[in-house]
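> Provided below for reference: sequence and predicted model.
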Amino acid sequence: MNKGIKKFKARNGRDATRSVARKLLVNFILNGKIKTTTKRAGYVKAVIDRFVSQAKKATGGSKNALQSKLSNKIAIDTLVKTIVPKLGTRTSGFTTMKRIGQRKGDASEMIVVEWISELASPKTTAVPIVVEEKKTDKVEVAEVIEKATPKKTTKEEKPVAVQK
């Protein structure tokens, strides 16, 4: 009987729980925030602190330990190369949790987990462009968001052969 051992259980079965946990962590690292239930948010917050501490060591062994837990090289590179350098000397408390109310379907409490404000940065980068008008001396600043996705061109319709 293991008293005092706190385990995270998201689904029925060990494999399903591990899968859900891994997906939560990878999506949080890649997207910067995640919207989930209270229990899962607490798990993400606790594990992310441990992962960031591992990533700060920046050794081969620490990267291998992260690889065994996350199984996603892009997430590990993002964590080691972009997130950890921004943290500086901070030792813990890398995430914040904000309550956003109840979910309509089952009324479970929903929480948004985000990086601390030092790391929070929008996905789209705005580049200021100065536009000068000839008539007045006013200067307008326009923000250019990342290039829009190219529009899909429609294929020319091919004649369909009619079978007799």
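Perfect, I can see it now.

> secondary structure element for residue 53?
Following DSSP states H and E, one finds residue 53 within helix 38-57.

> then whichever strand or helix holds residue 76 to PDB, C-alphas only?
Secondary structure from DSSP H and E places residue 76 in helix 73-78. The C-alpha trace of helix 73-78 is given here as PDB (Å, rounded to 0.1, in the frame of the first residue of the first chain):
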ATOM      1  CA  LYS A  73      13.000  16.700 -30.900                       C
ATOM      2  CA  ILE A  74      11.400  20.000 -32.000                       C
ATOM      3  CA  ALA A  75       9.900  20.600 -28.500                       C
ATOM      4  CA  ILE A  76      13.200  19.800 -26.900                       C
ATOM      5  CA  ASP A  77      15.100  22.200 -29.200                       C
ATOM      6  CA  THR A  78      12.500  24.900 -28.500                       C
END
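
> ok now the following helix or strand past the helix holding residue 53, how far from the chain's centre?
Using DSSP H and E, the helix or strand that directly follows helix 38-57 along the chain is helix 60-70. Centroid displacement of helix 60-70 relative to its chain, using CA atoms, centre = their mean, to the nearest Å, is 19 Å.

> same deal with stretch 83-103?
With CA atoms, centre = their mean as the basis, stretch 83-103 stands 12 Å off its chain's centre.

> quick check: mean pLDDT across stretch 36-52?
Stretch 36-52 comes out with an average pLDDT of 92.

> does residue 35 count as helix, strand or coil?
Following DSSP: H, G, I helix; E, B strand; the rest coil, residue 35 is assigned to strand.

> skipping adjacent residues, who's closest to it in space?
Leaving aside its chain neighbours, residue 35 sits nearest to residue 112 (5.1 Å; criterion: CB to CB, 6 or more residues apart in numbering). (Glycine included, C-beta is placed from N, CA and C.)

> hang on, the one you found is in a strand, isn't it?
Yes. Counting by three-state DSSP, residue 112 is part of a strand.

> run a quick neighbour tally on it.
Around residue 112 there are 14 other residues, counting by other CB atoms under 10 Å.

> tell me which residues touch it, please.
The neighbours of residue 112, taking CB atoms under 8 Å, 6 or more residues apart in numbering as the test, are 33-35, 97-98, 100.

> can you redo those as TSV with distance to residue 57?
Formatted as TSV, the contacts of residue 112 follow (distance: CB to CB, whole Å):
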residue	distance to residue 57
33	25
34	25
35	30
97	26
98	30
100	34
